[in-house]
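1. what's the 3D shape of this:
(one chain, ligands or ions: 2)
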Amino acid sequence: MRATQLYAPTLRESPAEAEVVSHKLMYRAGLIRKAAGGLYSYLPLAWRTMKKIMQIIREEMDSAGGQELMMPIVQPAEMWQESGRWAVYGPEMMRLKDRHGREFSLGPTHEEMITTLVRDEVRSYKQLPLMLYQIQNKYRDERRPRFGLMRSREFVMKDLYSFDKDIDGMNESYQKMYDAYVRIFTRCGLKFRAVEADNGAIGGGHSHEFTVLAPSGESSIAYCEHCDYAASDEKAELKVICADAEELKPLEKVSTPACHTIELVKNFLGVPIEKTIKAVAFMDDDERLILAFVRGDHEVNEIKVMNAVEGANHLYMAEERLITAAGSCAGFMSPIGIKDAIIVVDATVMEMYNAVAGANEVDTHFINVTPRRDFDAKKIHVADIRMVQAGDPCPKCGKPLQMTRGIEVGQVFTLGSKYSTALHATFLDEDGLERFFEMGCYGIGVGRTMAAAIEQNNDADGIIWTRAIAPFEVVIVPVNAKDSAQIALAEELYNELKAAGVDVLLDDRKERAGVKFKDCDLIGYPLRVTISPKTLDSGNVEIKIRRSGEFMNFARGELTAKILELLETL
Ligand code: ATP
Ligand code: MG
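-> Ligands and ions are numbered 1, 2, ... in the order given. Predicted coordinates:
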């Protein structure tokens, strides 16, 4: 390809809304352009990289036993109503009506579609296991689309679904996919970790998120340096912290004027924060009030709260009227004496002695609260509902956990028979008995993977691609495009490299050398070959390695061999 024919509009500035480096660089390097919030065009350079990532994904999916197909993006509401998710999915699902008023969604995911497809065709265990996948656009009306391709409303996803005859088969499929994901992200040149994850809205057995380590990432991961434990902060299980036993003092109500935060009440009463109990009030879609209680220095983990309360599919901050109706008041909430609320207490709170908690009255707290004695066991749910913090003991080995940030680029789930049961998808087993499929689902965000690669690989000058996913592996730059001798040598090399199977770009633009060099660094081709008057005089050709900034000189005759050798290392 020649740069004069390439549509890659580079810019000096990035848009003001671009907060993360991948978003800025994709804009500046002419990879993407925005159509509307969370909706982007992929320009040729981006699409070349996306296609390379998709090719790696396809190779690994196919070699793990996957078969590619393509399902409709537009999905009839009936499938979602049958599985029960039409109501549950919420405003994230983009919905539309056809001319007859029939309802549809733009697929955010395809469990319903694939299960319905397989249900109607696969009859016997002999046709299993089955792994079907597609790579297509997905639609999610994200509350806050941001960070460019990282969280958009339309994005390219690979989604594979596995169908097995039993749990063992499902777990084998899961392992195959897990291993394939390790190979995919390794081949893309990413530093990542597979972390234990929450199953989220999809539900089912176990799950891992493949998370690219980057400070700009939206996921927070807890990991242990002493063993292999790693989990998303939503999931990280926590051990109960038992306070040292104390003599129980009598429960007492005290006045705490305007002390509506933990900070204020702890200072006012002069108690350590570990002796306070904090409340967070949520409501769910049915407007049930859900009060979560954790130790004052801990944070509530919304996902864990949701998992602890049956039937809660989304949580929102509670409206004040619900708190008042329950006989309490914001800032002073307590499990003691409250009327109508679902109360979830963190297991660590149950091990506290003589602590401070709200009294469900304005400007009033209880002191000497000992939950085991003072909370009504029949009215509370006790669960691990707190957020992991650096230093918490590792659930596997007990050593202190570390925290880091990352970008979730893929996720693998076992689904069990959740969807096959809901959608009555069965087959006949060896004994002729009707059984539900045991399923798994496995997603990779292609655009997010590209963005994550840039987050991990860039410098002040621009993007630094690894060879495997670079839009072009090598760029040839004749410094003076009007010099016919330079052009002739550049053309010769270009043809030679092409013949050797290298993905090469010839920068034949009549721009100043400085402009071309800047663009090369910004776009981030792994190798740059420079043809200059010096080259013509000496017969040596200069190569710049983008990642290290190193320059090397090779004799014309050995150039292609050397480039092939270098590419192996990039
Ligand atoms: P998140 O928690 O970041 O919203 P998710 O867990 O809902 O993502 P999955 O349903 O697991 O996402 O989708 C599989 C993959 O699709 C994700 O790992 C991610 O790479 C990609 N993906 C999901 N949502 C988006 C989005 N809004 N923009 C770009 N990629 C996305
Ligand atoms: Mg996910």
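
2. every contact and neighbour count from this point should use C-alpha atoms.
-> Noted.

3. any low-confidence regions in the chain?
-> Low-confidence segments of the chain (pLDDT under 70): 199-204.

4. so which residues on it come close to ligand 1?
-> Counting by C-alpha under 6 Å from any ligand atom, the chain comes close to ligand 1 at 149-153, 155, 157, 408-411, 443-445, 448.

5. phi and psi next, for Thr449.
-> Note on Thr449: backbone dihedrals following degrees, to the nearest 10 are phi -60, psi -40.

6. tell me the contacts of it?
-> Applying C-alpha atoms under 8 Å, 6 or more residues apart in numbering to Thr449 gives the contacts Val409.

7. equivalent analysis for Phe147, please.
-> Residues near Phe147 by C-alpha under 8 Å, 6+ apart: Ala18, Glu19, Val20, Ser22, His23.

8. tell me which element the residue in the stretch 251-400 of the chain positioned nearest to ligand 1 falls in.
-> The minimum distance from the stretch 251-400 of the chain to ligand 1, using C-alpha to the nearest ligand atom, falls at Ile303 (11.8 Å). Assigned by DSSP states H and E, Ile303 falls within helix 302-308.

9. in which helix or strand does the most centrally placed residue in the chain reside?
-> For the chain, the residue nearest the mean C-alpha position is Glu408 (2.5 Å; C-alpha atoms, centre = their mean). Element membership for Glu408 (DSSP H and E) is strand 402-416.

10. again, but for Arg372
-> Assigned by DSSP H and E, Arg372 falls within helix 371-374.

11. what does that helix contact?
-> Contacts for helix 371-374 (C-alpha under 8 Å, 6+ apart): Ile336, Val349, Met350, Glu351, Met352, Tyr353.

12. between which two of those residues is the distance greatest?
-> Longest distance between any two of the contacts of helix 371-374 is 16.1 Å, between Ile336 and Glu351; criterion C-alpha to C-alpha.

13. for the helix holding Ile303, buried residues please.
-> Glu302, Ile303, Lys304, Val305, Met306, Ala308 (16 or more other C-alpha atoms under 10 Å).

14. which ones are touching the residue in the stretch 101-250 of the chain that ligand 1 sits nearest to?
-> Relative to ligand 1, the nearest point of the stretch 101-250 of the chain is Arg151 (3.5 Å; C-alpha to the nearest ligand atom). Neighbour list for Arg151: Gly38, Glu142, Arg144, Pro145, Arg448 [criterion: C-alpha under 8 Å, 6+ apart].

15. surely Lys191 and Arg183 touch.
-> No - judged on C-alpha atoms under 8 Å, Lys191 makes no contact with Arg183 at a distance of 11.8 Å.

16. returning to that earlier point: please flag which of the contacts of Arg151 sit within helices.
-> Arg448 (DSSP state H).

17. need the contacts of Arg151 in a markdown table (columns: neighbour count).
-> What follows is the contacts of Arg151, written out as a markdown table (neighbours: other C-alpha atoms under 10 Å):
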| residue | neighbour count |
| --- | --- |
| Gly38 | 21 |
| Glu142 | 17 |
| Arg144 | 11 |
| Pro145 | 17 |
| Arg448 | 25 |
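
18. make JSON lines out of the contacts of Arg151 and add distance to Leu566.
-> Compiled in JSON lines, the contacts of Arg151 are given as follows (distance: C-alpha to C-alpha, whole Å):
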{"residue": "Gly38", "distance to Leu566": "38"}
{"residue": "Glu142", "distance to Leu566": "42"}
{"residue": "Arg144", "distance to Leu566": "42"}
{"residue": "Pro145", "distance to Leu566": "39"}
{"residue": "Arg448", "distance to Leu566": "28"}
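
19. of the contacts of Arg151, which pair is most distant in space?
-> The most widely separated members of the contacts of Arg151, counting by C-alpha to C-alpha, are Arg144 and Arg448 (15.5 Å).

20. I'd assumed Ser216 was in contact with Val20.
-> Yes - Val20 lies in contact with Ser216 (C-alpha under 8 Å); the separation is 6.8 Å.
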